[in-house]
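A.B. asks: 3D, please:
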Amino acid sequence: MVDSFVFRYMREEDIDQVLEVEHASFTTPWSREAFYNEIHNNKFAVYIVLEEDHKIVGYCGTWIVIDEAHVTNIAILPDYRGRKLGETLLAKLMETAREMGARTMTLEVRVTNHVAQSLYRKFGFQNGGIRKNYYSDNQEDALIMWVNL
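C.D. replies: Below you'll find the model as predicted:
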C-alpha cells in the first residue's frame with residue numbers, strides 16, 4: 001500500500017498542491033506566503049511531502065532549533081486518510097529530525113482532536129501541558145505533547 005508513495009522535501013512549486021491539503025485539513029489554513037517563507041526564509045524549517053503519481057496527498061513540517069524539533073503541521077488529504085499514511089509521514093518526519101540532530105520533538109494538538117492524539121501517543125508522545133486559547137478560530141486549548149527521539 002505505502003510502496004506507491006514517495007517522500008521528498010517540499011519545493012516552491014509544491015505550494016499549490018500543499019495548499020489543497022492544507023485547506024482540506026484545517027479550519028484556519030496557512031497562506032501561500034506562509035509556506036513560501038517557510039521554504040525560503042526560515043533556516044529552521046524542514047517540510048516533507050508525500051506523493052503518489054506526482055500528486056501530493058500529504059505533507060508535514062517541523063522547525064529544528066538546536067536539538068529540538070517542533071512540528072508545525074501534518075496533514076493528509078481526506079480521501080487518503082485511514083490508510084496509515086499519517087503514521088508513515090510522522091515516522092518519516094521523526095527520522096528526518098533525528099538525522100538532523102534533534103533529540104526531542106514537540107507539537108500542539110487541539111484538545112478535542114483525539115484521533116491525532118492517539119496517533120502521537122502511538123509514537124511515544126506524552127502530554128506536556130496545555131496552551132490556553134491557542135487556536136484563533138475558536139479559542140480552543142492546545143495539548144502540548146513531547147517525545148524523546
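A.B. asks: residue nearest the centroid of this protein?
C.D. replies: The residue lying closest to the centre of the chain (Cα atoms, centre = their mean) is I74, at 2.3 Å.
A.B. asks: Distance of it relative to Q139?
C.D. replies: Using Cβ to Cβ, to the nearest Å, we find I74 at a distance of 22 Å from Q139. Where C-beta positions appear, they are placed from N, C-alpha and C, glycine not excepted.
A.B. asks: From L50, how far off is the residue nearest to the centre of the chain?
C.D. replies: Taking Cβ to Cβ, one finds I74 at 10 Å from L50.
A.B. asks: Which residues are in contact with each of these two?
C.D. replies: 58-59, 89 (Cβ atoms under 8 Å, 6 or more residues apart in numbering).
A.B. asks: Dump those residues to TSV, plus pLDDT and neighbour count.
C.D. replies: Shown next, in TSV, are the shared contacts of I74 and L50 (pLDDT from 0 to 100; neighbours: other Cβ atoms under 10 Å):
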residue	pLDDT	neighbour count
G58	98	24
Y59	98	26
L89	96	23
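A.B. asks: Tell me which residues touch I48, please.
C.D. replies: Taking Cβ under 8 Å, 6+ apart, we find I48 in contact with 7-10, 59-61, 89, 92-93, 96.
A.B. asks: helix or strand for it, which one?
C.D. replies: Assigned by DSSP states H and E, I48 belongs to strand 45-52.
A.B. asks: Adjacent strands (with direction) for that strand?
C.D. replies: Next to strand 45-52 in the sheet, as set by DSSP bridges, lie strand 5-9 (antiparallel), strand 55-65 (antiparallel).
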